[in-house]
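Engineer: dropping a prediction and its sequence here:
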Amino acid sequence: MNLEEITAVQLSKMIKSRKITAVEAAKASLETIQEKEDKLHSFITVDEKGALKRAGEVQKGIERGEFTGPLAGVPIAVKDNICTKGIKTTCASKMLSDFIPTYDACVVEKLREAGAVMIGKTNMDEFAMGSTTETSAFKVTRNPVNSAYVPGGSSGGSCAAVKAGEVSIALGSDTGGSIRQPSAFCGVTGMKPTYGAVSRYGLIAYASSLDQIGPIAKDVSDCAALLSAIASHDHRDSTSVSMGDYDFTTALCEDVRGLRIGLPTDFFGEGLDSKVRECIMAAAQILKENGAVLEPFELGMTEYAIPAYYIIASAEASSNLERFDGVKYGYRCAESNGLHDMYKKTRTQGFGSEVKRRIMLGSFTLSSGYYDAYYMKALKTKALIKKSFDDAFKKYDVLLTPVYPDVPPKLGTSLSDPLKMYLGDICTVSVNMAGLPAISIPCGTDSQGLPVGMQLIGNCFSEKVLLRAAYSFERKVKDEKTV
Amino acid sequence: MRKQYETVIGLEVHVELATKTKIFCGCSTKFGGEPNTHTCPVCTGMPGSLPVLNRQVVEYAMAVGLASNCAINQYCKFDRKNYFYPDNPQNYQISQLYIPICHDGFIEIEISGGKKKIRIHEIHMEEDAGKLIHDEWEDCSLVDYNRSGVPLIEIVSEPDMRNADEVVAYLEKLRLILQYLGASDCRLQEGSMRADVNLSVRWRGDEKMGTRTEMKNLNSFKAIRHAIEGESSRQIELIEQGEQVIQETRKWDDNKEYSYAMRSKEDAQDYRYFPDPDLPPVRISDEWLTRVRRALPELQPEKQIRYEREYGLPRYDAQILTGSRKLADIFESASAICDKPKKVSNWLMGETLRLLKVHDQEPDDLTFSPENLAKLVQLSDEGTVSSTVAKDVFEKVFLEDVDPACYVEEHGLKTVNDMDLLTEVVKKVISQNPAPVEEYKAGKEKVLGFLVGRVMKAMKGKANPSAAKELIKKLI
């Protein structure tokens, strides 16, 4: 059995109809990992023993009729910044290279309830800071489509694992595009839910006000199934919001007649690769053929999104990462002279340079005398960005943009120019700043045959509208291929 | 020379709130568990854990604000105060800087010459830190996170106090308010109430404030008094010698009665405060505020007036009884049981306070139940026991909370009302004391007391003294 060719929803149907067992599915996953990991490096930890044991339990549960949902018995990977009880959770950092959490993240509990089988923990940029998965302290993940290219980041391991068929489905986290951009680079479907839709309890924070866990999948149906499993109102996360209806699979209908789609010209101007533009415009055309109404418009405020994002995200990160000090858990320097020397050496040795860069940036912008000029101003900018989206959603149901303005970079070309890397986040960061849901769907390939992704952005808690539009597009493309 | 100076004092008082669970997680706040047993991922700063606000903390903070005439910010926020220290597991403390829950209040204190208002600048909510234990034997430090996340409020006064008496009066008043609200037990020694003293001196009549210092580590009223006196003298001497007071934090050593500099303003840390993104702003609805306002208990001034009116107690007694929540509670419960408030008050004002003094205790240390006090009042009032016996029994109640009825029964302490026995004893006393009897006959009424005493002694205190007195008069 090849997981590359079947979706999670199809696989779980096969398991429920006794065509294969959950254990066989887990074995297929582990075999593919065995075969591809040497080259791909998607995983930091593969929990072979735990996965097979769990698959056996789930199989029995399915036979007893306990697990009936679309993820029962499905092999899944979890990004390594999501806490898993008893299984190493490293954030791809030397700082947490041996850290074993004492508790499961809310989403991990949810996956367990759904009967999904966790295969392992995926590689990522260190503490989710980066756009290429190259800042990982342990390994560099390759793009499964072309191993000379980056898989994107920071959830590069999860996206690569899904694309390569190492697992059926995966969890990522998205602070400024970390699910959507690697999904686009790897040619998979990834979604950043509305801020508050999925509990952050157990997600090791990068920037608390922007972080959100989301699904990474082969197609829109899998995405909806995984979102249905993980979205919840969790009292352990004060920023969690109740949505009432958590069955997103009901949104999977092809009808988009009359759906108003806005194309923000802000993201189609200078700097957009011509091949990427071509793919996006062709995708928009498909939605139009399906009955949606398209209209270009100016969103505004987008030029301020990146500076404001990096100020807010770095400020929060500088505080969130203070707890990694060598006192309670994680890495501690071998020798030191007193407490403060221990702190300094531990953090100097434990963090990589991109993490240190953002901690320093954040510490600076929060320091007294600079707070108003930077952090406060960035918060005001954030509010204005939200307002410009609010205005847009008075006129449109969905906004359509590229995920990334350019083709994916080659391995080893990004980290030397961090500013350029930051600017690549132009299409994705505004969405986090406004707390909105957005989905990244494959919509063609660039001149080198690398995937290009289209982004659909919805209003807060309009995940179903997004899924419907994405599904409509996906069906049409699949139908055309079949014809 | 000294008279020309005026001391200006403001206080920052930290108070541990009496919630059952911590401010941001469900762990117990109980004092004294085995190290790191009242902990969870949240209060040990585990990666991925998130704080969830305990609403009871907000209610207590609101109640303290309302009781101290503060305005309540119905929209307030939590901020992170960033600093590295191992007792602080996240290396930031969740506190309130930009929008605290209460502001601009006051409380009134009694000083010689009348009342004085001490203004309150603000009250904010925050979390306590863990406790570091330095193991000198092993040459290492250990940390206990049981206290980490215990809720605190910090009450910041304006610099309105001028001497140690005013400071102590303010702290006592504050403690009384907090105890009446049930918001805290306010034990200085156990650290559930801690005061930092900000102090400066200036020429009397000057508008401008002098440079202030902040003193920490003050854990008794006595230490606060000494620290204030010591620090104002130190500052005056500096100025007299033409030197300048340096703005700094000083630590008071009560054993040496000396404060020493901990850190100056120059090396003050930059806490990089910013709003905590894990906690949405606290929105207090009008309904919630009204509910807390309505639920405020009767505070000391009202209670004192009521005691005078309802129970007919003298002002002084009412003041003493209401001056401790514990005394007032015992008084009301015992009075309700035996319906003899004046007698209950006498026991509390007399024997109770006397014994507290003997044992060097505070009213808060009282352990006896109002039921047992009420029973004793009853026994004494009915004449079942004599007043001498009653005092002995009360001491037992005070120390061991014994049931007075059982105790009297078991130890055979009941007043003997057997008239034949009494007559016999009285006759014997008269015959054995001819001289005093003659004196009485000669009109010396006072001797009667002596004779009653002899009777009581002969009957081991169990006689009814008024019956004995009547009988002596009759038989002489």
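Structural biologist: Yes, it's here.
Engineer: what is the burial count for the closest residue to chain A within the stretch 1-150 of chain B?
Structural biologist: Residue nearest to chain A within the stretch 1-150 of chain B (Cβ to the nearest Cβ): B:Asn91, separated by 3.6 Å. For glycine as for every other residue, the C-beta is placed from the backbone atoms N, C-alpha and C. Residues near B:Asn91, counting by other Cβ atoms under 10 Å in any protein chain shown, number 21.
Engineer: where does the chain dip in pLDDT?
Structural biologist: Chain wasn't specified; assuming chain A. For chain A, residues meeting the criterion pLDDT under 70 lie at A:483.
Engineer: that was the other one, I meant chain B.
Structural biologist: B:1-3, B:265-267, B:416-417.
Engineer: strands of chain A, start to end?
Structural biologist: In chain A, the strands defined using DSSP state E lie at A:43-46, A:75-79, A:117-122, A:169-174, A:189-192, A:212-217, A:260-264, A:293-297, A:398-402, A:438-445, A:451-458.
Engineer: look up how far B:Arg263 lies from the residue of the stretch 1-150 of chain B closest to chain A.
Structural biologist: Using Cβ to Cβ, to the nearest Å, we find B:Asn91 at a distance of 18 Å from B:Arg263.
Engineer: repeat that for B:Tyr271.
Structural biologist: If you measure B:Tyr271 against B:Arg263 using Cβ to Cβ, the figure is 13 Å.
Engineer: and what of B:Val201?
Structural biologist: Going from B:Val201 to B:Arg263 by Cβ to Cβ gives 21 Å.
Engineer: who has more neighbours out of the two?
Structural biologist: Here B:Val201 and B:Arg263 are set side by side on neighbour count (other Cβ under 10 Å), and the busier one is B:Val201, at 25 against 13.
Engineer: run through the bridge partners of the more buried one.
Structural biologist: In this structure, B:Val201 bridges to B:Thr7 when assessed by DSSP bridges.
Engineer: could you list every residue that touches it?
Structural biologist: For B:Val201, the contacting residues are B:5-8, B:210, B:232, B:235-236, B:239, B:245, taking Cβ atoms under 8 Å, 6 or more residues apart in numbering or on different chains as the criterion.
Engineer: up against chain A, what does the stretch 101-250 of chain B have?
Structural biologist: Taking Cβ under 8 Å from any Cβ of the partner chain as the test, the list of the stretch 101-250 of chain B residues beside chain A reads B:Val143.
Engineer: now the strands for the stretch 101-250 of chain B?
Structural biologist: Counting by DSSP state E, counting those that start in this stretch, the segments of the stretch 101-250 of chain B that form strands are B:102-111, B:114-127, B:131-135, B:140-144, B:151-157, B:193-203, B:213-218, B:248-253.
Engineer: return the set of buried residues in the fourth one.
Structural biologist: Yep, that's strand B:140-144 we're talking about. Taking 16 or more other Cβ atoms under 10 Å in any protein chain shown as the basis for neighbour counts, the residues of strand B:140-144 that come out buried are B:143-144.
Engineer: what pairs with it, parallel or antiparallel?
Structural biologist: According to DSSP bridges, strand B:140-144 forms sheet pairs with strand B:131-135 (antiparallel).
Engineer: just the C-alphas of the strand it pairs with, formatted as CSV.
Structural biologist: Taking only C-alpha atoms (Å, rounded to 0.1, in the frame of the first residue of the first chain), the coordinates of strand B:131-135 have been written out as CSV:
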residue,chain,number,x,y,z
LYS,B,131,11.0,29.7,47.1
LEU,B,132,14.7,29.2,46.8
ILE,B,133,16.4,27.1,49.5
HIS,B,134,20.2,27.3,49.7
ASP,B,135,21.6,24.1,50.8
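Engineer: from the chain's centre, how far out does it sit?
Structural biologist: Here strand B:131-135 is found 28 Å from its chain centre; the criterion is Cα atoms, centre = their mean, to the nearest Å.
Engineer: next: stretch B:9-19.
Structural biologist: Its chain's average C-alpha position is 13 Å from that of stretch B:9-19, according to Cα atoms, centre = their mean.
Engineer: cool, stretch B:313-322 as well?
Structural biologist: Between the centre of stretch B:313-322 and the centre of its chain there are 17 Å (Cα atoms, centre = their mean).
Engineer: among the contacts of B:Val201, name the ones in helices.
Structural biologist: With helices defined by DSSP state H, the entries of the contacts of B:Val201 inside them are B:232, B:235-236, B:239.
Engineer: ok, of these, which one's closest to chain A?
Structural biologist: For the ones in helices among the contacts of B:Val201, the closest approach to chain A (Cβ to the nearest Cβ) belongs to B:Gln235, at 27.0 Å.
Engineer: look up how far A:Ala282 lies from the closest one.
Structural biologist: Counting by Cβ to Cβ, the gap from B:Gln235 to A:Ala282 is 79 Å.
Engineer: keeping just the C-alphas, turn stretch B:55-72 into PDB.
Structural biologist: Extracted in PDB, the C-alpha atoms of stretch B:55-72 (Å, rounded to 0.1, in the frame of the first residue of the first chain):
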ATOM      1  CA  ARG B  55     -12.100  34.700  38.900                       C
ATOM      2  CA  GLN B  56     -12.100  34.600  42.700                       C
ATOM      3  CA  VAL B  57      -8.900  36.700  42.600                       C
ATOM      4  CA  VAL B  58     -10.600  39.400  40.600                       C
ATOM      5  CA  GLU B  59     -13.600  39.400  43.100                       C
ATOM      6  CA  TYR B  60     -11.300  39.700  46.100                       C
ATOM      7  CA  ALA B  61      -9.300  42.500  44.400                       C
ATOM      8  CA  MET B  62     -12.600  44.300  43.500                       C
ATOM      9  CA  ALA B  63     -13.900  43.900  47.100                       C
ATOM     10  CA  VAL B  64     -10.600  45.300  48.600                       C
ATOM     11  CA  GLY B  65     -10.800  48.200  46.100                       C
ATOM     12  CA  LEU B  66     -14.400  49.000  47.000                       C
ATOM     13  CA  ALA B  67     -13.800  48.700  50.700                       C
ATOM     14  CA  SER B  68     -10.900  51.200  50.300                       C
ATOM     15  CA  ASN B  69     -12.900  53.700  48.300                       C
ATOM     16  CA  CYS B  70     -11.100  52.900  45.000                       C
ATOM     17  CA  ALA B  71     -12.500  53.300  41.500                       C
ATOM     18  CA  ILE B  72     -12.600  50.000  39.600                       C
END
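Engineer: that stretch vs chain A: in contact?
Structural biologist: No - Stretch B:55-72 is not in contact with chain A by Cβ under 8 Å from any Cβ; minimum separation 11.7 Å.
Engineer: so for that stretch, what gets flagged as buried?
Structural biologist: Across stretch B:55-72, burial judged by 16+ other Cβ under 10 Å covers B:56-68, B:70, B:72.
Engineer: show me what from the stretch 1-150 of chain A comes close to chain B.
Structural biologist: Where the stretch 1-150 of chain A comes near chain B, counting by Cβ under 8 Å from any Cβ, the residues are A:82-83, A:89, A:91, A:96, A:99, A:101-103, A:105.
Engineer: could you export the strands of the stretch 101-250 of chain B as CSV, including distance to A:Tyr375?
Structural biologist: Rendered in CSV, the data for those read as follows (distance: least, Cβ to Cβ, whole Å):
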stretch, distance to A:Tyr375
strand B:102-111, 23
strand B:114-127, 20
strand B:131-135, 31
strand B:140-144, 31
strand B:151-157, 24
strand B:193-203, 28
strand B:213-218, 27
strand B:248-253, 27
